[in-house]
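Visitor: structure of the sequence below:
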Amino acid sequence: MDLTHLQKIELGQRQPTEQQAGRLAKFFGLDATEIQAQRIAEKFRHEFAQHPAAKDAIGILAEEAGVYEGRSKSGSTSPRHSPQSGGGARGGGKSGKGGK
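Guide: Have a look, this model is predicted:
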């Protein structure tokens, strides 16, 4: 990879290929999986940022990965709380639920 291409990647003007991202991670001693995940997320963001269904698509992926429990009637997702997180089944603090 030449320096001009590397500079464009650093400036966010270009995305590295999967192979380039792997080589960069190895060269800089970074976690290759994390670098690939960031590359995929940036590719998704670049392609779908303005799409009205982008947030729902992210919610579906998060749900499939076990990050979210499910969808509310409004279509938004609610985070899953584990016993280690200190949050109860409903969480604490200002969750947006008003009084009855």
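
Visitor: going by C-alpha atoms from here, please, whenever you check contacts or count neighbours.
Guide: Fine.

Visitor: low-confidence ranges, the chain, go.
Guide: Residues of the chain meeting the criterion pLDDT under 70: 68-100.

Visitor: in it, which helix is the longest?
Guide: helix 32-48 (DSSP state H).

Visitor: next secondary structure element downstream of it?
Guide: helix 54-64 (DSSP states H and E).

Visitor: packing partners of that following helix?
Guide: strand 68-71 (3 or more C-alpha pairs under 8 Å, 6 or more residues apart in numbering; DSSP states H and E).

Visitor: 6 Å instead, please
Guide: On a contact count with 3 or more C-alpha pairs under 6 Å, 6 or more residues apart in numbering; DSSP states H and E, helix 54-64 meets no helix or strand.

Visitor: report the buried residues of it.
Guide: 55, 59-60, 62-63 (16 or more other C-alpha atoms under 10 Å).

Visitor: one more: stretch 1-21?
Guide: For stretch 1-21, the buried set under the neighbour-count rule, 16+ other C-alpha under 10 Å, comprises 6, 15-16, 21.

Visitor: same question, stretch 25-37
Guide: Within stretch 25-37, judged by 16+ other C-alpha under 10 Å, the buried ones are 25, 32, 35-36.

Visitor: switch the buried residues of stretch 1-21 over to CSV; also include distance to Phe44 and secondary structure.
Guide: Formatted as CSV, the buried residues of stretch 1-21 follow (distance: C-alpha to C-alpha, whole Å; DSSP: H, G, I helix; E, B strand; the rest coil):
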residue, distance to Phe44, secondary structure
Leu6, 21, helix
Gln15, 11, coil
Pro16, 14, coil
Ala21, 16, helix
